[in-house]
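Undergrad: Here is my input; please provide its structure:
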Amino acid sequence: MITSYEDGQAINLNSPQIDWTFLDADDADVQAAYQVQASSNGWETVEVDSGELAGASGSYTLNGLADGDWSIRVRAMDNRGAWSEWAYRSLSINMVPPTLNVVLDQETLWPANNKLVKVTATIETDVELSQVELLSITPSVAVDRHESMVQEADFGTLDTEFLLPAKKAKGKEPLVYTITYRAIDQAGNVTEASDTVTVPHDQSGEKIS
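TA: Numbers count the residues shown, from 1 in each chain. Presented below is the predicted three-dimensional model:
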């Protein structure tokens, strides 16, 4: 019986370790040999074959499997020379991280009057079933109490609306908030993406029309 992974599980490993347990109706029988095979075309061909290996090992690593859907099977031989039926497991291998794009509806918060401004993020990802979450909102320079002033930001969820304080930094530099999201696909691949919104120190550089 194969014990590693769920049948049909998506993973981000090209060299998965296949584990199994040896079961026999006669408790006196033990595993004496085993064989592991893998196919990516429904067993039209066997692309990986361990061959018949002697020993009681309950683990074998399939090295260098390409991305895609794989069928894997394991059989074991007892000390009397009798082979078991094949035990099967299907895996979907994906090593490509999802794409993630973050666009905020605000580029600048002005005037810097310490009021809260609603900011909305638009999230785009190429993997429909990716889990996307708001990871962090980070200021570029020190701001008094910015953590408590940021409101309605539900980190760890797909929160796309929150309130940011239009507050100046302590020095003469503009304050830049970096808003970061993270996408995780079904195989466990991770991508992070950010966009920024700026609170200028002043608007002295702008021309008056």
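
Undergrad: Only C-alpha atoms from now on, for both contacts and neighbour counts.
TA: Will do.

Undergrad: Now do stretch 140-151: distance from first to last residue.
TA: End-to-end distance of stretch 140-151: 18 Å, with Cα to Cα, to the nearest Å as the criterion.

Undergrad: What average pLDDT does that stretch get?
TA: Stretch 140-151 carries an average pLDDT of 68.

Undergrad: Ok, stretch 34-45 next?
TA: pLDDT averaged over stretch 34-45 gives 98.

Undergrad: which residues sit against it?
TA: 46-57, 60, 68-77 (Cα atoms under 8 Å, 6 or more residues apart in numbering).

Undergrad: List only buried entries from these.
TA: Among the contacts of stretch 34-45, those buried by neighbour count (16 or more other Cα atoms under 10 Å) are 48, 56-57, 60, 69-77.

Undergrad: Next, format these as TSV and append distance to residue 184, pLDDT and secondary structure.
TA: Conversion of these to TSV gives the following (distance: Cα to Cα, whole Å; pLDDT from 0 to 100; DSSP: H, G, I helix; E, B strand; the rest coil):
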residue	distance to residue 184	pLDDT	secondary structure
48	29	97	strand
56	37	95	coil
57	34	96	coil
60	28	98	strand
69	19	98	strand
70	22	98	strand
71	24	98	strand
72	25	98	strand
73	29	98	strand
74	31	98	strand
75	34	97	strand
76	37	97	strand
77	40	95	strand
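
Undergrad: Which two of those have the greatest separation?
TA: Using Cα to Cα, the pair of these lying farthest apart is 56 and 69, separated by 28.5 Å.

Undergrad: Check the burial of the residue lying closest to residue 200 once chain neighbours are set aside by counting its neighbours.
TA: In space, and not counting its chain neighbours, residue 200 is closest to residue 174: 4.4 Å by Cα to Cα, 6 or more residues apart in numbering. Neighbours of residue 174 under the rule other Cα atoms under 10 Å: 17.

Undergrad: from what I can see residue 174 touches residue 168, true?
TA: Yes. Between residue 174 and residue 168 there is a contact at 7.1 Å, judged by Cα atoms under 8 Å.

Undergrad: between those two, what contacts are shared?
TA: Listed as contacting both residue 174 and residue 168 by Cα under 8 Å, 6+ apart are 199-201.

Undergrad: Which of those fall in helices?
TA: Among the shared contacts of residue 174 and residue 168, no member falls in helices (criterion: DSSP state H).

Undergrad: pLDDT at the nearest residue to residue 151 once chain neighbours are set aside, what is it?
TA: Distance criterion Cα to Cα, 6+ apart; nearest residue to residue 151, sequence neighbours excluded, is residue 163 at 5.1 Å. Looking at residue 163, its pLDDT stands at 95.

Undergrad: what does residue 86 give?
TA: 97.

Undergrad: and what of the one 5 residues further on?
TA: For residue 91, the model assigns a pLDDT of 98.
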